[in-house]
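Peer 1: after the sequence you'll find the predicted model.
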Amino acid sequence: MTDLIGTKEPEAVTPNGAAASGARQVWRRLRARKSALVAAAVLGLLVLLALGAPLLAALEGQDANTYHDALVDSARGGVPTGSLGGISADHWLGVEPGTGRDLFVRLLYGARVSLMVAVGATLVQVLVAVTVGLAAALGNRFVEGLLNGVTEVMIAMPLLVFAVALTAVVPPDFPRPALLVVVIGLVAWGGLARVVRAQALGLKKLDYVSAARLAGGSTWRVARRELLPGLAAPVLTYVAYLLSNNIVLEASMSFLGVGVKPPTPSWGQMLSSATTWFRTDPMYVVLPALMLLVTSLAFTVLGDAVRIALDPREKSRLGVGRSKKRRAAKKVKGGAA
Amino acid sequence: GPEKSGDSKGSGADGAPQKGGTLTVLNRQPQKQFDPARLYTSGGGNVPSLVFRTLTTRHRANGAEGTKVVPDLATDTGRPSDDAKTWTFTLKDGLKYEDGSPITTADIKYGIERSFAPELSGGAPYLRDWLVGGENYQGIYKEKKGLDSIETPDAKTIVFHLRKPEGDFPYVATQTQFAPVPKAKDTGAKYAEHPVSSGPYKVVKNVNDGEHLTLDRNPNWSEETDKERHAYPDTIDVQAGLNSAVINQRLSTGQGADAAAITTDNNLGPAELAQVTGDKKLASRVGTGHFGYTNYLAFNPKAKPFDNPKVRQAIAYAINRTSVVNAAGGSSLAEPATTFLPNQKSFGYTPYDHFPAGATGNPEKAKELLKEAGYENGLEITLTHSTAQDFETSPEIATAIQAALKQAGITVKLQGLEFNDYDEKVHKLSTQPDLFLAHWGADWPSGGPFLAPIFDGRQIVKDASNYNTAQLDDSKVNDEIDAINKLTDHAEAAKRWGALDRTVGEQALTVPLFHPVYKRLYGKDVKNVVISDWTGVLDISQVSVK
Amino acid sequence: MTEPLVKVTDLAVTFPTDDGRVRAVDGLSFELAPGGALALVGESGSGKSTVAFGLLGLHRSTGAEVTGGIEVAGHDVLAADEAELRQVRGGVAAMVFQDPLSSLDPYQAIGDQIAEVHRVHRRDASRRAARDRAVEVLDRVGIPDAARRARSRPHEFSGGMRQRALIAMALACEPRLLIADEPTTALDVTVQAQILDLLRDLRAETGMGLILVTHDLGVAADSVDDLLVMKNGRAVERGPVRALLDSPAETYTRDLLAAVPRINVRRPGVPEQRAERTDDTVLLEAKGLTRRFGRGKRAVTAVDDVSLTVRAGETVGVVGESGSGKTTLGRMLVRLLEPTGGELRYEGRDIGGLSDRGLRPFRSELQMVFQDPVSSLNPRRSIGESIADPLRVAGRLGDAEITARVRDLLERVGLDPGAYHRYPHEFSGGQRQRVGIARALAPEPKLIVCDEPVSALDVTTQAQVVRLLGELQRDLGLALVFIAHDLAVVRQVSDRLVVMRGGRIVEEGPADAVYEKPQHPYTQGLLAAVPRLEQAEAAA
Amino acid sequence: MSLYFLRRALGAVLVLLVISVVVYAIFYVAPGDPAKLACGPRCNPEQLRQVREQLGLNDPVYVQYWHFLQGIFVGHDYSTGTGTMHCDAPCFGLSYQNNQQVTDLIAERLPATLSLSVGVVVLWLLLGVGIGLLAVVRRGGLLERALIWLSLAGTATPVFVSGLALMMLFCAYLEWLPFPSYVPLTDDPEQWAWNMLLPWVTLALLGASIYARMTRSSMLETLAEDHVRTFRAYGVSERAIIGKHALRGAVAPIVAMTAADFGSLIGGTMLTETMFGLPGVGQMLVRSVQTVDLPVVVAVVMLIGAAVVVANIIGDTLYALADRRVALR
Ligand SMILES: Nc1ncnc2c1ncn2[C@@H]1O[C@H](COP(=O)(O)OP(=O)(O)OP(=O)(O)O)[C@@H](O)[C@H]1O
Ligand SMILES: Nc1ncnc2c1ncn2[C@@H]1O[C@H](COP(=O)(O)OP(=O)(O)OP(=O)(O)O)[C@@H](O)[C@H]1O
Ligand SMILES: [Mg+2]
Ligand SMILES: [Mg+2]
């Protein structure tokens, strides 16, 4: 599940496509998309919730690690007493089965880890992939061969195996979310590197890159000024995919026991320990799953929107009944079409 | 306590058990090993016990009755002499392998000798430690002349010479290393592919590394010579490598062949327990088992601040066992423990509670002790646990302890290790953490294997796995262990083990937390469910599906 | 009189865009009689294609507003339902699109594509029959070995063949009207002549009507009866070709006509200057320059043993058909490409084998203006920044000085100096080409290679750019290598001319000599194929 | 052409060697002593020493790696105690856990993994392309949006959640399907299919959602291209355009991508196989990593690596075949 868009790169390079960008236009188009605004708002809210976790926890009057033995039915495997997983005025989203820890606070703190892993790992991936992809596209035969080889190795490595092994190698005191960022970031960048390389190879052929070479700048200068901006659209699309994929990866790693170390909560870790509670305490499963879903959706919708905003052709291609302007135009046209 | 083990008596569908049908076994762990030399029989060994008979075996009965050792291939449970340093067994008449050839004591001797070969590592350490000349023996393949300490004066008699008195030898003789292996059929490391059966079933199919086994009747097994095994089903179909939740779901749904299914290694988790207790029909299909097992908090009393007994006692006082039990799956799956020995008679269980913490801990008393120890301003310690979600050394239990100790002014830093990492560090003297979650289970239901590895000073191991994590080397304790080992009367020995546990307990070298309880679901067509307190698992040799 | 084939009344087309509404066509009316031929001419962006698309109702559900009336052979295109419209499209009126490469499905055999279209309109035709018909029309448009080539995919066809295939597709449906949108812009003169001949023949043969969209008056003059001159979406003037070319009523038409380069006119007012410089030093010298692409069987020798000298201040024109290696040669001259063989000397120093790093000192002195004004500017950087790039690299000037110099350059190429911070997409093609020239001028080079700097532009803009280059050369004493496939344009700027074919130079000499007395048969063919306004004018 | 394949094959071998070195290196420093695990709990020091010797763990790591390479190229002899056992040329050693030949272990498990992954690929293509196609046909409508959001949800749900949920629903609650247990295709094709259905769907959901989005965007891209306009201008109906021209254009990159994904899919089967208890190599890998069974881990990782590399080569070739404008380099 790698090249989300890798193979249609040559298309994205057509100069016409890139013509009408410019930050202002992009911003304006972005603002015109309601879904983008909603997605951005949701992400903003999530970040706020994550940052404000201690505050909100204090507001609720709970913390992430206190056990509430009285709120669970010990004889029945520790299922929360009360309806809907023990939702009450004290525990807004109920409590965790077995331990009775407050789910609201755990979800909030979980957001910190999950968002950090998602965003952090994606940043590392992008950094590595763009550097490697660009260097492979611009380097000489030797460099290209070497980097392509490395990329192929990374693609061919089963991430989870290396995650399992690596997390065991690293000293236990190393903060786990940071480790996850590094592991995911440093292993799972092969697909993106390919996309970048393909795109850069396409862009390289364009005359404006030749023109920049004639200006006498170094290869690196050319890459930075002329190629990098052109990579934004495909990289962004891929990033949206990586972000949600990384969240799911974090969850999968928790499932295999190499995720974030409890008692630190993360959505993935909550979800993986919640899977068996499907029937007896559905809320416990639904909450982290929902958070995961919402975050993924928001990232993807926003990513898509940014990409579309970066691609001026998209407007005339898709824009059926999207913006207000369009709708007005339709009315005027009336029955004509 | 033990009274609960009566739950399992009811047992499945109505009517007397009958022969026939196919029993399905849904297991988590594949039976990777099927060589009798490599099996470590403690607690498990259920499927192999259908194929391998041994000199003695455990009594297949419900509850405490099932902790007794009974003869299997031998006519009795062994005759001690020379202060229990020499043990003699005689074989029953008419014992045959699956191919009809007779079973001889030479085959048993051979089987034991091959179990010393490094190619066939993995078994329990007792024979190596106990048999004269055992510790350096490299196995029959390298040292063809064999062990002099095992004598077979004739085909029916076998005599073992031990280095020191071991009253529990009959228990050790239940292990699969005591299964006969015909020398002519031995293919060394490949023997596991076609082990020769002496039991009621033989392996006809073993694919995917023990994930799918099919066992058929062994026509040369005779019920007359085997009072313990029943062999009701015609065929036994073992499917392993399954997800725990899936196994329980399949057992409760009972679709098709799953109606006649059991599991020998999968418990009900807390979530499933909650579901099962809400459903009368399902609840009637749950067997409860106990296995001599204690989960505890281990100190390194040689390290600060745990070198101060007051600190250890303070921690013992502060523990909130209700939280711990909840973290371990709730009161149906764990019973609070204050003794190191399991709460079963055969272990010599003697109730005591030296540092009464009540149900939820006694932080006041703990604070008092800390003050006496010079930590009136609180204390900061690190607790090591594993990150495995096993309800044993898992993070939830560590967090429960962290929360309880906080009440007593002790700040606990948690250090979670990957399971392999944890296992390696904890059992190596040089890396052993100062405070960690530990557990111990018995290889047979007696105080000896439970206390000796943990508290016997001569069992402190430097270069391999060490279990005496407190590094206790107290001559009084050592001498008492030697003395009890001489006893061949199990009841007498049990009493002394109990007393020893109580005395050692005063030193607060460990804080017992809980004894696990196992709940096992079985299919709706399964009859004659027997769960002994020896293993706590559903006895596969007793089950019928017709 | 019979009912007209096409009747457009008061047509207006408006596109909603980010920057407000664009009225591409505004109150346009015209008629075309059955069998008649009309050319829509006008500068780029005047709405020609929009009208052509409108005739087939192609604006439907694109968001464009269309008002007025369009009738094609009695069908009201604007009011027709989907089924009727599909009938009109292809069945009544067929369109030949501008870009032959991108107008065919790259994945399907050409014959299959034609057959598919044929079957839309002849539902009773079997697959076989449709395939046969495809071969037939391909044969008709002059594809050799049509039965075999019908199985080829578009990328296996040359540009001219693709354009023929598109015409064949139109023929397959036997339409009453053929709409050809700039059918020859992408082609070189020889092929262009063939296509125009084909259109003429077909008209004569089938009696179908033709609407030809073009900005090249020469093309129009050769092929149609009537001319409709458009500007800003409106009709400026309409009338029979001859009359209109002879005596245009409107200034716009006159300007358009004046801008068309004439092949038989000598370069104006240069000889005396050239005389001054005859003893000038050799700036760039290529000896046996060769460039191969690929390896093994697939190797292509794009430039083969080419020797060429460029003296300071002179203009060398390079002409040749598409694929003859002009661009490759040009890129090698400025060392964007490394030659695989031969020698390249710049001011006496061999620069043929220098690395990128080694080339840096020379970079500023050898510049290039690229063929495609769209792809030669980074859409994500402001034009000012693009122009300033070489100055920044040189690092001699401060920020303020650089800005001042860029403004200066912008002014020099006839752009608003205030456009520094604007982005390429905010400029028209001609303006972009000027930006490209400004960028090439920025480092004060001694030589500029201009690779088809005007091919993509309409005649008016073309004329402006050519004039600009001439002025700059005069003022700055630049040497130019001017690459083009349009012979007329080259003549207007060149001192010397090089004719290339298949990677080799087939003829070389002073421009006027080559034009007036071509030696090589290939050069003669090229010159003969150029459509001439003069013939039309003369005939009128 | 053949030169191209030769070059790619050499590259593949190199990649695999690098991967094996990396695995060796990581496991060398990772905690968990295979000898201790093989020796069993409470193994005494003397026995541990003997087991180390037996497994060859006393050699320095590079010697161990050298033996490993030797095994691959010339095979290896192992002592069974009673005799010797020859492990033929591509020999990846013996499992530390039970002395079985790793190649045999893998061979036994490959059918399940192949069943899973081939089925998943087929299903995710069908689902992915189908959903993408539907979304394009109904573009602008509510259905499109619903489909897109649904597919996004698919991407965001971990396999162990969706797998268990599906199993609860279809096997436990509705009882429409059997709880998946692997039945070899050669034993009973029908049962094989029924049992694999749920694992297929679970894993395919993840891929299908990505492919649906790919298909959709790729088709929209194609629909915006000029050649589509040509066919519109000739009265070809929208349905025919989508079904013939747009789909065709979208399929080429998807075919290439599928081939490339096939390898990583085998990696992705780990969770699914663990979840459903299918006896495949993925499940074996998870377990072997936990038990530090290095020979098995190296072999499986290399197998997965090989699958990825080979699939990539196939993908590139297919892409070049589908779109002849692309040359193989
Ligand atoms: N889809 C569209 N959206 C917005 N504006 C458009 C669109 N299509 C055309 N236009 C605008 O309509 C005007 C007329 O365009 P048209 O393509 O008809 O010009 P033209 O005469 O064919 O030019 P050229 O010779 O360059 O092909 C131009 O200003 C163009 O920018
Ligand atoms: N990078 C390349 N790789 C392979 N072949 C190339 C490459 N660049 C050019 N060629 C080939 O070299 C030949 C000459 O190409 P070139 O672009 O120089 O022609 P041209 O005369 O500029 O044509 P046009 O008038 O179409 O621009 C062509 O056959 C072309 O296919
Ligand atoms: Mg046009
Ligand atoms: Mg060119």
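Peer 2: That came through, no problem. Ligands and ions are numbered 1, 2, ... in the order given.
Peer 1: so in the chain, where's the weakest helix or strand by average pLDDT?
Peer 2: No chain was given, so I picked chain A. helix A:9-12 (a mean of 31; mean pLDDT, DSSP states H and E).
Peer 1: looking at chain C here, not the other one
Peer 2: Least-confident helix or strand in chain C using mean pLDDT, DSSP H and E: helix C:271-277, a mean of 47.
Peer 1: which is the next helix or strand following it?
Peer 2: Counting by DSSP states H and E, the next helix or strand C-terminal to helix C:271-277 is strand C:282-293.
Peer 1: quick check: mean pLDDT across that following strand?
Peer 2: Averaged across strand C:282-293, the pLDDT comes to 90.
Peer 1: is chain A contacted by it?
Peer 2: No. Strand C:282-293 lies out of reach of chain A by CB under 8 Å from any CB of the partner chain, never closer than 12.9 Å. All C-beta atoms are positioned from the backbone trio N, CA, C, and that covers glycine.
Peer 1: so what's residue A:108 up against?
Peer 2: Taking CB atoms under 8 Å, 6 or more residues apart in numbering or on different chains as the criterion, residue A:108 is in contact with A:49-50, A:52-53, A:56-57.
Peer 1: how about residue A:265?
Peer 2: A:64, A:106-107, A:109-110, A:113.
Peer 1: one more time with 10 Å, if that's ok
Peer 2: Residue A:265 makes contact with A:64-65, A:96, A:101, A:103, A:105-114, A:273, A:288 under the criterion CB atoms under 10 Å, 6 or more residues apart in numbering or on different chains.
Peer 1: can you check residue B:181 too?
Peer 2: Contacts of residue B:181 (CB under 10 Å, 6+ apart): B:35-37, B:52, B:97, B:107-115, B:140, B:191, B:195-196, B:198.
Peer 1: rerun that using 8 Å as the cut-off
Peer 2: Contacts of residue B:181 by CB under 8 Å, 6+ apart are B:36-37, B:107, B:110-111, B:114, B:191, B:196.
Peer 1: gap between the residue in chain B sticking out farthest from the centre and chain C?
Peer 2: Most distant from the centre of chain B: residue B:377, at 42.4 Å, with distances by CA atoms, centre = their mean. Per CB to the nearest CB, to the nearest Å, residue B:377 is found 62 Å from chain C.
Peer 1: next one: phi and psi at residue D:120?
Peer 2: Main-chain dihedrals, residue D:120, degrees, to the nearest 10: phi -60, psi -40.
Peer 1: correct me if wrong: it contacts residue D:211.
Peer 2: No. Contact criterion CB atoms under 8 Å: residue D:120 and residue D:211 do not qualify, at 11.2 Å.
Peer 1: and the gap between residue A:293 and residue A:244?
Peer 2: Shown here: residue A:293 relative to residue A:244, a distance of 9 Å by CB to CB, to the nearest Å.
Peer 1: which residues do these two both contact?
Peer 2: residue D:156.
Peer 1: neighbour-wise, which of those two wins?
Peer 2: Using other CB atoms under 10 Å in any protein chain shown as the criterion, residue A:293 and residue A:244 rank with residue A:244 on top: 24 against 18.
Peer 1: next one: residue C:482 relative to ligand 1, how far apart?
Peer 2: 23 Å (CB to the nearest ligand atom, to the nearest Å).
Peer 1: burial measure for residue B:475, as a count.
Peer 2: Residue B:475: 8 neighbours (other CB under 10 Å).
Peer 1: now do the SS call for residue A:116.
Peer 2: Secondary structure, DSSP: H, G, I helix; E, B strand; the rest coil: residue A:116 is helix.
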